[in-house]
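In: From the sequence below, what's the structure:
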Amino acid sequence: MDNAFPTHVLLQGLLRLGSRLRHERPPGALSPNKMSVLGHLRRRGPSTPGSIAASEHQQPQSLTRSFAELETDGLITRAPSEEDRRVSVLSITEAGRQALAQDLAQREAWLTEAMGPLTETEQQVLLLAGRLMNRLADTPPTTATRKAEDADRR
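Out: Modelled structure (predicted):
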């Protein structure tokens, strides 16, 4: 792919769609941080608070309240790590899976309806794009991003 790829068009579309989906959040929806934690645990399984924060590009301290509230609400459990008893391992509960599914349902319904007028080919292109965006989201941070994150930690 050459440098002429119009990434600005892709970025604009992602940002606008993200904004539109945020507006489709149901009343009483989970906070973005809580959604992030539950989504991580659903995708990756039991994880330490530090690994969740790193994966979600956040400081562990910024998720501490979310972890505590999710645990209090019975959406996650916390247990000592078998490798290092000083470290906690968080797991999503069945109630957490259900809460995440319910929170996403309204936005998924809107997206399904919005995609209705698209052709089969256009829908398949978006499916492929969604898979590729998930891969991109898992790409390690750039050197510049790591340096900025390290500076923030100091």
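
In: Specify the residue ranges that define each domain of this protein.
Out: Listed by automatic domain parsing, the domain ranges of the chain are 29-106, 118-154.

In: Now mean neighbour count too, for those domains, in TSV please.
Out: Every C-beta, even on glycine, is put in place using the N, C-alpha and C of the backbone. Conversion of those to TSV gives the following (neighbours: other CB atoms under 10 Å):
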stretch	mean neighbour count
domain 29-106	16
domain 118-154	10
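
In: Can you flag the weakest of these by average pLDDT?
Out: Set side by side, those give their lowest mean pLDDT on domain 118-154, at a mean of 77.

In: circling back to that earlier point, could you dump the domains of the chain to a markdown table with distance to S19?
Out: Output for the domains of the chain, formatted as a markdown table (distance: least, CB to CB, whole Å):
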| stretch | distance to S19 |
| --- | --- |
| domain 29-106 | 13 |
| domain 118-154 | 16 |
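
In: tell me which element D103 falls in.
Out: Secondary structure from DSSP states H and E places D103 in helix 94-115.

In: hmm, I was thinking of P140
Out: Using DSSP H and E, P140 maps to neither a helix nor a strand.

In: Also R16?
Out: Per DSSP H and E: R16 is located in helix 7-23.

In: Could you tell me the angle between that helix and helix 94-115?
Out: 120 degrees (axes from the mean of the first three to the mean of the last three CA atoms, to 10 degrees).

In: Looking at helix 7-23 now, give me its mean pLDDT.
Out: On average, helix 7-23 scores 91.

In: Which strands or helices does the helix holding D103 pack on?
Out: Secondary-structure packing of helix 94-115 (3 or more CB pairs under 8 Å, 6 or more residues apart in numbering; DSSP states H and E): helix 7-23, helix 32-44.

In: Now the closest residue to P46 other than its chain neighbours: which helix or strand?
Out: Excluding its sequence neighbours, the residue lying closest to P46 (CB to CB, 6 or more residues apart in numbering) is S91, at 4.4 Å. Counting by DSSP H and E, the element that carries S91 is strand 88-92.

In: can you give me the offset of that strand from its chain's centre?
Out: Here the centre of strand 88-92 is set off from its chain's centre by 16 Å, with CA atoms, centre = their mean, to the nearest Å.

In: could you say what helices and strands it packs with?
Out: In terms of contacts (3+ CB pairs under 8 Å, 6+ apart), strand 88-92 is packed against helix 32-44, helix 49-55, strand 76-80.
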